[in-house]
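Undergrad: Show me the folded form of this:
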Amino acid sequence: DEMKAELATLRVAKVSGGAASKLAKIKVVRKSIARILTVYNQKQKAEARKQYKGKKYQPLDLRPKKTRAIRRALKTEQKFMKTPKQKTKASNFPMRRFAVTM
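TA: Next up is the predicted model:
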């Protein structure tokens with residue numbers, strides 16, 4: 001808050017034709033506000049991750065981003081699942097083994 005107040009006073013100084021040192025300080029203050037907000041947001045996200053760890057559902061912004069196609073794709077266990085009919089056919093008619101002599 002005090003950084004934002006300082007930025008406001010610097011902007012007023014800029015409009016009223018303040019010193020060059022004050023004008024140069026605007027950028028520094030803006031960057032420091034950004035740093036503070038970044039740390040704040042990181043802490044908040046870490047807390048949220050901790051809260052939802054091990055839960056079945058997570059908020060969208062905590063899920064892995066990846067790509068849309070990868071997110072929509074079947075999981076590996078789903079991809080290789082077989083229907084009961086496929087299972088019985090595979091067990092009743094296994095791959096033939098041939099003894100090839102050289």
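Undergrad: ranges for the helices of this structure?
TA: Using DSSP state H, the helices of the chain run over 2-15, 20-52, 68-72, 76-79, 84-92.
Undergrad: could you dump those helices to TSV with mean pLDDT, mean neighbour count and distance to Leu60?
TA: All C-beta spots, glycine's among them, are computed from the backbone N, C-alpha and C. As requested, these are exported to TSV (pLDDT from 0 to 100; neighbours: other CB atoms under 10 Å; distance: least, CB to CB, whole Å):
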stretch	mean pLDDT	mean neighbour count	distance to Leu60
helix 2-15	93	12	30
helix 20-52	95	11	11
helix 68-72	96	8	11
helix 76-79	96	8	21
helix 84-92	97	9	35
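Undergrad: Determine which of those approaches Ala99 most closely.
TA: Minimum separation from Ala99 across the helices of the chain (CB to CB) falls at helix 84-92, 22.1 Å.
Undergrad: Distance from the closest one to the middle of the chain?
TA: 42 Å (CA atoms, centre = their mean, to the nearest Å).
Undergrad: Thanks a lot, see you next time.
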